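**Student:** Here is the input, now give the coordinates:
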Amino acid sequence: MTAAKAGAALFGMLLLAGTAPIGAGERITLKVSPAVAFAPANLVVRATILADRDNRAVQVVAESADFYRSSEVQLEGDQAARTNTFEFRSLPPGAYQVTATLLGADGRSRGFSRQQINVIASGADSR
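**Tutor:** Numbers count the residues shown, from 1 in each chain. Here you go, the predicted structure:
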């Protein structure tokens with residue numbers, strides 16, 4: 001196998017691994033990109049939700065020691081989109097915990113997922 005074919009095969013396997021279905025018992029999964037970025041960073045957050053008639057909202061939070069931003073979207077139960085995309089713009093440097101919480105009709109958490117990301121100060125920011 002040539003190096004080009006091996007590289008293409010590896011890329012294909014990584015692509016498939018990144019789109020794995022929700023596992024048994026997981027009602028919500030989270031994918032944040034990029035995992036590491038230079039400030040001011042723009043993050044794209046994808047929350048993938050298992051269809052259920054009791055799903056009413058998904059809340060996504062990006063939080064560091066010095067910064068907090070959140071967004072919430074209402075869901076139409078099992079008729080809601082399977083993937084919800086959120087964008088957080090101009091995040092300052094810091095270690096961020098990005099969380100997604102699936103909420104039920106009673107307002108209680110039905111599922112939770114989190115991912116750690118790092119926003120690094122750019123060379124222009126350090127004086």
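**Student:** make it CA atoms for all contacts and neighbour counts henceforth
**Tutor:** OK.
**Student:** any idea which helix or strand of this protein has the worst average confidence?
**Tutor:** helix 3-18 (a mean of 39; mean pLDDT, DSSP states H and E).
**Student:** Toward the C-terminus from that one, list the very next helix or strand.
**Tutor:** Counting by DSSP states H and E, the next helix or strand C-terminal to helix 3-18 is strand 28-33.
**Student:** Spell out which strands sit alongside that following strand in the sheet and which way each one runs.
**Tutor:** Here strand 28-33 is paired, per DSSP bridges, with strand 41-49 (antiparallel).
**Student:** For the helix or strand just after the partner strand, name the packing helices and strands.
**Tutor:** Once strand 41-49 ends, the next helix or strand along the chain (criterion: DSSP H and E) is strand 55-63. Here strand 55-63 is seen to pack against strand 68-74, strand 94-104 when contacts are counted using 3 or more CA pairs under 8 Å, 6 or more residues apart in numbering; DSSP states H and E.
**Student:** can you pull the buried residues of the next helix or strand after the shortest one?
**Tutor:** By that I understand strand 68-74. Scanning forward in sequence from strand 68-74 by DSSP H and E, the next helix or strand is strand 83-91. Neighbour-count burial for strand 83-91 flags 86, 88, 91 (criterion: 16 or more other CA atoms under 10 Å).
**Student:** Likewise for stretch 103-114?
**Tutor:** Result for stretch 103-114 [16+ other CA under 10 Å]: buried residues 103, 104, 110, 111, 112, 113, 114.
**Student:** Among those residues, find me the one that's closest to residue 33.
**Tutor:** Nearest to residue 33 among these: residue 114, at 12.8 Å, using CA to CA.
**Student:** Please, which helix or strand holds that closest one?
**Tutor:** Going by DSSP H and E, residue 114 is part of strand 109-120.
**Student:** wait, doesn't residue 42 sit right on residue 89?
**Tutor:** Yes: assessed by CA atoms under 8 Å, residue 42 is found in contact with residue 89 at 4.3 Å.
**Student:** so where's the chain uncertain?
**Tutor:** 1-25, 124-127 (pLDDT under 70).
**Student:** neighbouring contacts of stretch 63-77?
**Tutor:** Stretch 63-77 is contacted by residues 51-62, 81, 86, 88, 92, 94-98 when judged by CA atoms under 8 Å, 6 or more residues apart in numbering.
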